[in-house]
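**Q** Whatever this is, show me its structure:
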Amino acid sequence: DVRLDGLDRTAWHRFQLGTDASMVMICPLAGTDLFQIQGPVPSDGEVDLSPAALTALIAERTGRADIAVHAVSWASVYSMNARLAERYRVGRVFLAGDAAHIHPPTGGQGLNTSVQDAYNLGWKLAAILDGGPAALLDTYEEERRPVAAEMLGLSTRLLDEARKGAMQRNREVRQLDLGYRGSSLALPGSIGTARVQAGDRAPDAPCRGQAGQPTRLFDLFRGPHWTVLGYDVEGRPAPRTYLRIVTVGERGDIVDDEGHVADAYGLAAGQWALVRPDGYLAAIVASRDLERTLAIIPGDGLMQNGG
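**A** Down below sits the predicted model:
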């Protein structure tokens with residue numbers, strides 16, 4: 001992290017005049033007056049990271065003499081590696097985020113993966129405190145470790161591409177297609193004709209409330225509660241702690257007059273989608289199976305229904 005002159009702050013600058021070893025990337029650090037310099041250095045011997053040495057390195061790798069480093073606020077020589085913890089849980093000890101997986105920063109996968117670890121574990125710990133089954137905590141490693149293993153493969157592949165000057169950041173780096181279809185929490189008996197399945201990320205959809213106010217499904221899902229979404233249903237399930245009940249239809253809590261909810265979920269009349277606190281589908285069931293399905297939600301008491 002350095003202060004330098006000669007480059008504007010509106011772009012991430014990348015230079016490569018020859019082989020991979022000649023590459024250097026210089027990006028502005030938002031919210032500061034600093035730039036970050038990244039580039040390969042020899043693996044043996046001491047590396048001079050002084051302002052003068054970095055200025056010379058930049059000149060050599062860019063062919064420009066107008067970029068000058070004036071001060072270095074932080075510098076490190078590091079080796080890329082990818083590691084994954086063998087276990088995410090041993091007794092009362094849980095690993096999440098960087099404690100569970102480290103990887104090259106290519107693709108920008110670390111923060112999203114770590115936050116998802118924390119949310120996945122967090123709602124399950126809360127459920128246990130409210131009387132949920134202890135085995136629920138075992139599903140944390142079951143669901144999250146395969147995601148991290150896939151992410152490590154992705155970030156390593158992107159690093160190899162970056163070294164060759166051909167890195168492509170496609171949809172896979174957005175992490176919107178991750179899911180847990182093989183999880184033991186993807187409840188059996190879920191209807192297979194819907195557009196989404198148990199274990200999938202519950203999609204968003206614009207809709208409106210009964211008073212005509214615009215809203216979105218994500219606004220209804222947001223928070224530590226479960227959500228059960230009924231499409232053109234008769235009746236409502238009994239209230240439960242931490243459960244928001246939302247019905248879709250002309251006499252429901254929300255109206256899908258433009259068909260976005262129907263397009264996103266593909267639910268038939270009388271079907272319900274149960275959405276976990278972390279925004280993934282636990283089940284899609286018919287009305288006759290709903291009460292039995294809701295038994296997985298711990299706790300008792302009352303939460304206000306609807307949107």
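**Q** Can you tell me the closest non-neighbouring residue to residue 244?
**A** In this structure, residue 244 finds its nearest non-sequential neighbour in residue 227, 4.7 Å apart by CB to CB, 6 or more residues apart in numbering. For every residue, glycine as well, the C-beta is placed using N, CA and C.
**Q** Skip ahead from the helix or strand containing the one you found and say which helix or strand is next.
**A** Assigned by DSSP states H and E, residue 227 falls within strand 226-231. For strand 226-231, the following helix or strand on the C-terminal side (DSSP H and E) is strand 243-248.
**Q** just checking, what packs against whichever helix or strand comes after that following strand?
**A** Later in the chain than strand 243-248, the nearest helix or strand by DSSP H and E is strand 254-255. If contacts are counted by 3 or more CB pairs under 8 Å, 6 or more residues apart in numbering; DSSP states H and E, strand 254-255 sits against strand 206-209, strand 243-248.
**Q** which residues are in contact with the strand holding residue 227?
**A** Residues from elsewhere that reach strand 226-231, judged by CB atoms under 8 Å, 6 or more residues apart in numbering: 217, 220-221, 236-237, 242-249, 252, 261-262, 265, 267-277, 282, 287, 290, 294, 297.
**Q** And for stretch 10-25?
**A** So stretch 10-25 is contacted by 7, 26-28, 37-40, 57-58, 60-63, 163-165 (CB under 8 Å, 6+ apart).
**Q** for that stretch, which positions count as buried?
**A** For stretch 10-25, a neighbour-count test (16 or more other CB atoms under 10 Å) marks 13, 14, 15, 16, 23, 24 as buried.
**Q** Can you give me the first-to-last residue distance of it?
**A** 14 Å (CA to CA, to the nearest Å).
**Q** quick one: average confidence on that stretch?
**A** Averaging pLDDT along stretch 10-25 yields 86.
**Q** looking at the helices and strands packed on strand 254-255, which is buried most?
**A** strand 243-248 (a mean of 22; mean count of other CB atoms under 10 Å).
**Q** what sits against residue 294?
**A** Neighbours of residue 294 in contact, by CB under 8 Å, 6+ apart: 228, 237, 240, 243, 274.
**Q** As TSV, these with distance to residue 140 and pLDDT would be great.
**A** TSV is the format used below for those (distance: CB to CB, whole Å; pLDDT from 0 to 100):
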residue	distance to residue 140	pLDDT
228	23	97
237	27	92
240	23	87
243	21	94
274	19	96
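**Q** Most neighbours among the residues you listed, which one?
**A** Neighbour counts for these (other CB atoms under 10 Å) peak at residue 228, which has 25 neighbours.
**Q** What residue, apart from its backbone neighbours, is nearest it spatially?
**A** Closest to residue 228 by CB to CB, 6+ apart is residue 274, at 5.1 Å.
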